[in-house]
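S.K.: sequence and predicted structure are below.
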Amino acid sequence: MKKQYGIIFFMLSAVLISIIQAEQRVATSFNTRSISRNAARDLVGWTNYINKDSSPEIVYGAISLTPEYNHTFNGHTITRTLFGDNLIGNDCAQHLKISGSQVTNREPQDLLADYFYLPTDFESTVYFKPVIDNVILDFGFYIGLDAWAKGVYFVLHAPFAHTRWDLNIQENIINPGINDSMPGYFTPSGLMRNQMLDSFTGFVNGMAIENTEDITFQELNFAHMSTERLVKSRMAEIRTAVGWNFFATQHYHVGFNGQIAWPTGLRPDAEYLFEPLVGNGHFWELGFGLNGHYDFWRSEDELSHCCFYVDFNITHLFRTRQARTFDLTRAGTLSRYMLAMEMTSPAINLRGENGSIPSAQFNNDLLPVANITTLDVEVSIAIQADIVLLFNATHRNWSFDFGYNYWGRSPDNITLRQNESFEEKIFAIKGDAHIFGYLPNSPDFIALSATQDNATIHAGKNLPATGTTDEIIIDNAAKNPNIDFPQAAQTNPTIGTPQNLVYAPNSAATPDNFINTSVPPIFITRNDLDFNGAETSGSSNKLFYHLSYTWSDTTHWQPYLGFGGEVEWAHGTNRNCKPCDEHNPQSSTSQWGLWIKTGATY
């Protein structure tokens with residue numbers, strides 16, 4: 001019986017852990033619905049001019065030009081998708097808190113300022129109001145090919161977009177900090193406050209400490225959080241379809257089509273966390289559509305009618321190359337912004353107290369984790385759906401459309417490209433470890449092998465996660481008590497007796513001053529990359545309308561003009577799902593849009 005209880009407890013623990021991990025997932029990139037994937041906008045104003053029961057002697061169709069402006073709302077759902085449980089507060093008041101390791105009463109969600117080249121007493125709050133707006137010009141073309149094959153048609157949509165993405169990041173500095181960096185924490189001699197950065201936004205926009213004492217401080221090269229609005233202009237993917245209406249009369253039709261999307265949009269390059277994209281991410285798409293309509297009422301004079309229209313589109317997004325930045329599985333979300341260090345082998349003049357020689361030691365190069373976890377990958381999406389239910393009422397030259405649209409896509413499937421390699425046994429997590437030890441009673445130093453594989457974006461392992469200003473605790477933390485596999489660090493001379501290294505320059509060789517090193521150090525490996533955590537999905541629900549007028553007094557070409565709009569509600573990432581049936585961040589937006597649709601039928 002006890003064994004059975006043990007098994008049940010283990011299973012419940014595993015489920016609980018999986019739920020917690022699911023809640024912590026955030027999007028490392030934001031690839032939302034393509035401006036080209038909008039069956040509602042494509043269909044409105046056209047229901048009376050396409051999918052006709054036409055004579056074999058007649059070629060019919062329609063062309064359109066549709067300028068649209070759309071703008072996102074409920075930006076806090078985007079913020080939650082990007083930062084998840086690291087946020088403090090709710091909705092529009094949610095924010096990141098940045099605080100150093102020597103700030104008292106740190107909260108569990110606080111991000112450790114030390115990682116961002118900031119002083120240990122630095123404090124700030126960071127707010128976001130993400131906004132995307134687009135100016136779109138969509139060209140549409142439909143031709144019925146009954147003259148060649150009964151019920152066959154061809155349709156094309158080619159939208160061009162000018163897109164603007166603004167994270168609207170604002171940092172409010174509570175305490176700029178006055179602490180210098182202790183010797184051994186970043187450099188052998190320490191850093192003065194004026195050598196360090198002034199803000200978190202500076203770090204996430206590519207600023208770094210100037211190299212000093214032969215120590216290289218690399219700037220963040222990827223996953224930037226831009227303080228500026230980012231603008232791109234591009235043709236989104238061109239969508240084409242060839243279909244056949246196998247049932248078609250004046251009052252109804254049923255048909256299907258095959259669809260191809262030609263990738264002409266932008267390909268993600270991971271330079272920015274909130275990266276401006278036009279199109280679906282440069283995927284080829286292949287799929288099918290089912291559509292039909294039924295006139296449930298028509299006046300005796302044939303001048304008025306009402307109908308229901310259904311348009312059902314399913315596509316597969318084929319594997320394509322993209323650049324993605326990954327977090328680390330054990331370090332958790334936002335670990336891409338932690339600080340890593342480059343290691344070198346073999347370790348020179350360094351050993352553990354038991355005589356074991358570490359496999360590597362610090363190589364004078366500090367860098368953000370994102371610089372090593374941004375890779376070229378292969379991404380595919382199994383299925384995307386775009387479904388429209390539309391009601392149309394037509395009276396003489398006037399036509400009114402109102403409908404519902406569902407859009408959704410399955411999670412990304414991400415794999416590392418075959419020709420992309422990840423360098424192992426080179427990089428390690430620094431955490432709050434001290435990376436230099438000193439010869440007793442001397443300023444001479446030796447680079448250590450101290451790593452902290454279990455550190456997170458919130459805290460290292462030497463200092464308490466809640467922060468401290470207690471000098472005794474701070475001095476004790478400088479001896480690396482909680483690094484990976486700690487052993488007292490010693491010199492490893494070819495001749496003579498090893499000496500214990502101490503945590504501060506010119507300190508006496510007493511046990512209270514000895515500093516630890518990791519034997520062995522733990523490296524970042526390919527298996528640490530959180531591919532699953534970077535997978536996003538998306539879905540939304542939309543209501544739309546359109547009113548148009550057609551000048552039907554001409555014989556062959558009949559121009560029309562209409563206007564309409566849409567309001568779309570994204571299925572946002574649920575921050576507090578317990579349990580949750582979806583574990584992928586929702587890369588979708590709530591937005592409204594207004595358009596004018598003009599063209600001609602023939």
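M.R.: Received, thanks.
S.K.: number of nearby residues for I472?
M.R.: 8 (other C-beta atoms under 10 Å). For every residue, glycine as well, the C-beta is placed using N, CA and C.
S.K.: next, give phi and psi for it.
M.R.: Main-chain dihedrals, I472, degrees, to the nearest 10: phi -70, psi -40.
S.K.: cool, Q195 as well?
M.R.: Per degrees, to the nearest 10, the backbone of Q195 is at phi -90, psi -10.
S.K.: surely it meets A208?
M.R.: No. In this structure, Q195 is not within contact of A208 by C-beta atoms under 8 Å, at 11.0 Å.
S.K.: for G289, give me its contacts.
M.R.: 241, 243, 256-259, 311-314 (C-beta atoms under 8 Å, 6 or more residues apart in numbering).
S.K.: switch to 10 Å and redo it
M.R.: 39, 155, 241, 243, 255-259, 311-315, 386-387 (C-beta atoms under 10 Å, 6 or more residues apart in numbering).
S.K.: with I136 instead?
M.R.: 35-36, 38, 41, 66-70, 159-163, 236, 278, 593, 595.
S.K.: of those residues, buried ones?
M.R.: Neighbour counting with 16 or more other C-beta atoms under 10 Å marks 35-36, 38, 41, 66, 68, 70, 159-161, 163, 236, 278, 593, 595 as buried within those.
S.K.: from the contacts of G289, pick the one nearest T212.
M.R.: Of all the contacts of G289, T212 sits closest to T315, with 53.6 Å by C-beta to C-beta.
S.K.: per-residue confidence at the closest one?
M.R.: According to the prediction, T315 has pLDDT 98.
S.K.: so it makes contact with A39?
M.R.: No. T315 lies out of contact with A39 (C-beta atoms under 10 Å); the separation is 11.1 Å.
S.K.: joint contacts of those two?
M.R.: Residues touching both T315 and A39 (C-beta under 10 Å, 6+ apart) are 239, 289, 385-386.
S.K.: if we can go back for a sec, between Q195 and A208, which contacts overlap?
M.R.: Residues touching both Q195 and A208 by C-beta under 10 Å, 6+ apart: 117, 217.
S.K.: in strands only, show me the buried ones among the contacts of I136.
M.R.: The strands, defined by DSSP state E, take in 66, 68, 70, 159-161, 163, 593, 595 from the buried ones among the contacts of I136.
S.K.: now those as CSV including pLDDT?
M.R.: Listed next are those as CSV, based on pLDDT from 0 to 100:
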residue, pLDDT
T66, 98
E68, 98
N70, 98
P159, 98
F160, 98
A161, 98
T163, 98
G593, 98
W595, 98
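S.K.: what segments of the stretch 451-600 of the chain are strands?
M.R.: Per DSSP state E, counting those that start in this stretch, the stretch 451-600 of the chain carries strands over the ranges 486-490, 516-518, 538-550, 558-570, 590-601.
S.K.: tell me the most buried of these?
M.R.: strand 516-518 (a mean of 29; mean count of other C-beta atoms under 10 Å).
S.K.: quick one: strands adjacent to it?
M.R.: Sheet pairing here is set by DSSP bridges, and for strand 516-518 it gives strand 486-490 (antiparallel).
S.K.: how far does the strand it pairs with sit from its chain's centre?
M.R.: The chain centroid and the centroid of strand 486-490 are separated by 40 Å under C-alpha atoms, centre = their mean, to the nearest Å.
S.K.: need the residues that contact that strand.
M.R.: 349-356, 358, 361, 433, 436-438, 446, 448-450, 462, 479-480, 497-503, 511, 514-520.
S.K.: for A504, what are its contacts?
M.R.: Counting by C-beta under 10 Å, 6+ apart, A504 has contacts 182-184, 190, 434, 437-438, 443, 475, 478-479, 513, 515.
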